[in-house]
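Student: return a 3D structure for these sequence lines:
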Amino acid sequence: SPGLIGSQCGGAATSSCVATETRDASGDFYLNGNVFRLPAGSVTAALRTGFVFSGIHSVSSTQSTIDRSRDEGSVQANVEFPITSHDSPIGKFSAGVNGEVQSVTAFGTLTTLGSTVDWSPIEPVTFMASYSRAQQAPTLMQLDEALLDTPDLREYDFVNDTTAIVQRTEGGDPALRRSVSRIADFRVQLTPLRATNLQLSAEYTIEHTRNPVVSVTAATAATEAAFPDRFSFASGFLSGIDVTPLNLAQRDQQQLRWGLNYTTNYGRAWPVANSSTGKPKAPVRSQLQVAFYHTWRFQDDVVLRNGLPALDLLDHDIISDRGGTPAHELELQATVSTHAWSADINAKWDSPTRASAGPGGDDRLTFSQGVTLNVRFQLNLAEQHWLSHLLPFVHGTLNLSMDNVLGAHLTVRNSNGGVPASYAEN
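Tutor: Residues are numbered from 1 along each chain as shown. As a prediction, the model looks like this:
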């Protein structure tokens with residue numbers, strides 16, 4: 001343990017450093033096929049079995065070494081029943097059932113049950129509905145990461161509407177319980193033009209979770225009242241905060257995600273060499289793909305403890321010091337690929353969120369992020385003829401990635417337009 005601390009923390013075993021190593025080994029077996037035939041088509045089934053062996057070794061100078069392993073085994077099955085075909089007066093209709101049984105060390109047996117219904121009254125239109133109930137265990141990092149105490153950090157005190165100097169405690173909590181989620185999903189998919197590969201879709205999701213695992217990082221009147229043992233004070237002002245993960249009572253979310261996906265080929269077909277062997281493959285054409293999606297969130301309510309009122313994370317209530325839940329999210333992905341290269345652009349924007357601060361909640365803090373832009377570029381070395389002449393033995397791909405090209409970062413301003421000291425960049 002001292003050696004691990006020394007190698008990862010610059011040789012100093014201090015309370016401001018935790019060294020954590022994780023290890024994982026996994027495998028699975030998948031089998032699928034037709035089981036028997038009905039008048040509308042074949043009944044299909046899929047079976048997957050898998051295992052995960054994982055472990056964590058976490059060390060800090062403030063507590064003993066944590067060294068824990070976890071074994072997971074699972075069996076998952078899915079069966080699809082065709083009820084009617086496209087020749088039917090009501091169109092194509094199918095139903096499916098799925099389930100999973102998972103055994104996790106220290107949490108026993110966890111189950112997932114679900115069902116799906118698909119209906120396509122005419123070929124360009126498909127309606128889908130699904131429901132699932134799933135039990136989930138916390139991760140090893142959430143359970144067993146060693147505690148880290150960091151003093152003299154600037155933290156915003158939402159109750160007193162000021163910046164406080166605190167000691168922040170992070171790490172895992174071995175007392176975490178399993179969570180249980182129920183998810184209902186309704187989706188419509190439309191291909192309006194046969195001649196073009198344009199797909200429109202809209203998906204409405206309702207999710208209810210009992211005992212969700214989160215980290216409460218905002219010192220508000222609601223969080224301090226619900227978890228008084230996680231906040232400490234000096235002379236009435238915040239002096240310490242424990243942000244280790246915990247179980248909330250419940251969380252309810254509803255959202256609509258809609259958008260389009262368009263793909264088209266252009267240019268002439270090119271013979272392409274295999275990037276690993278150099279041998280020719282089937283000719284390909286250049287391709288353009290554009291996807292744009294808008295997520296509109298209608299509900300994100302959390303109950304911190306049973307018996308307490310719900311907090312609306314879409315409207316001035318928060319549990320994170322980075323703000324509430326954005327009501328709107330825009331996503332854009334564009335890909336251009338040729339036989340010799342490809343380029344990807346991913347952009348994401350979240351609407352600002354707001355939080356109340358001060359003894360009477362008179363101040364308003366606005367949290368905004370800006371546009372996050374990521375760029376990826378891939379070069380097929382086997383198709384670079386100038387390179388092939390110089391170095392004929394060179395094959396494979398060259399990848400270049402640039403994240404957050406526009407430098408998007410969290411910006412917080414109060415009602416007067418000022419930036420609180422705890423959120424200042426320097």
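Student: helices of the stretch 301-426 of the chain, start to end?
Tutor: Listed in chain order, the helices of the stretch 301-426 of the chain (DSSP state H, counting those that start in this stretch) span 385-390.
Student: low-confidence regions, it specifically.
Tutor: Residues of the stretch 301-426 of the chain meeting the criterion pLDDT under 70: 384-389, 392, 394, 426.
Student: then the stretch 151-300 of the chain?
Tutor: 271-282.
Student: thought residue 310 was touching residue 300?
Tutor: No: applying C-beta atoms under 8 Å, one finds residue 310 not in contact with residue 300, separated by 10.0 Å. (C-beta placed from N, C-alpha, C; glycine too.)
Student: ok, the closest residue in space to residue 310 that isn't next to it in sequence to residue 207 distance?
Tutor: Among residues not flanking residue 310 along the chain, residue 301 sits closest, at 4.3 Å (C-beta to C-beta, 6 or more residues apart in numbering). Applying C-beta to C-beta, to the nearest Å, the value for residue 301 to residue 207 is 11 Å.
Student: ok, now residue 156?
Tutor: According to C-beta to C-beta, residue 156 and residue 207 sit 29 Å apart.
Student: and what of residue 319?
Tutor: 17 Å.
Student: compare these two (neighbour count), which wins?
Tutor: Neighbours per residue (other C-beta atoms under 10 Å) separate residue 319 from residue 207, with residue 319 holding more: 21 against 18.
Student: who are the contact partners of the more buried one?
Tutor: 214, 216, 217, 218, 220, 223, 302, 304, 311, 313 (C-beta atoms under 8 Å, 6 or more residues apart in numbering).
Student: kindly recompute the last result at 7 Å.
Tutor: Neighbour list for residue 319: 214, 216, 218, 223, 302 [criterion: C-beta atoms under 7 Å, 6 or more residues apart in numbering].
Student: can you pull the phi/psi pair for it?
Tutor: phi -130, psi 0 (degrees, to the nearest 10).
Student: same question for residue 362.
Tutor: Dihedral angles for residue 362 - degrees, to the nearest 10 - are phi -80, psi -30.
Student: count the residues that sit near residue 226.
Tutor: For residue 226, using other C-beta under 10 Å, the count is 20.
Student: swap in residue 390?
Tutor: Residue 390, neighbours per other C-beta under 10 Å, totals 9.
Student: repeat for residue 268
Tutor: 8.
Student: list the contacts for the residue nearest to residue 310?
Tutor: 252, 310, 311, 312.
Student: now the buried members of those residues.
Tutor: residue 311 (16 or more other C-beta atoms under 10 Å).
Student: list the contacts of the helix or strand harbouring residue 127.
Tutor: Assigned by DSSP states H and E, residue 127 falls within strand 125-136. With contact meaning C-beta under 7 Å, 6+ apart, strand 125-136 is reached by 110-120, 178-190.
Student: ok, now stretch 81-97?
Tutor: 38, 40-41, 43, 78-80, 115-123.
Student: quick check on these: which are buried?
Tutor: So, by 16+ other C-beta under 10 Å, the buried ones in the contacts of stretch 81-97 are 40, 41, 43, 78, 80, 116, 118, 119, 120.
Student: tell me the one of the residues you listed nearest residue 380?
Tutor: residue 78 (36.4 Å; C-beta to C-beta).
Student: test my guess that the closest one contacts residue 46.
Tutor: Yes: Residue 78 is within contact range of residue 46, at 4.6 Å (criterion: C-beta atoms under 7 Å).
Student: next, the nearest residue to residue 337 once chain neighbours are set aside: secondary structure please.
Tutor: Leaving aside its sequence neighbours, residue 337 sits nearest to residue 287 (C-beta to C-beta, 6+ apart; 5.0 Å). When classified by DSSP: H, G, I helix; E, B strand; the rest coil, residue 287 comes out as strand.
Student: list the contacts of residue 287.
Tutor: Taking C-beta under 7 Å, 6+ apart as the test, what residue 287 contacts is 263, 265, 337.
Student: top of those residues by neighbour count?
Tutor: residue 337 (18 neighbours).
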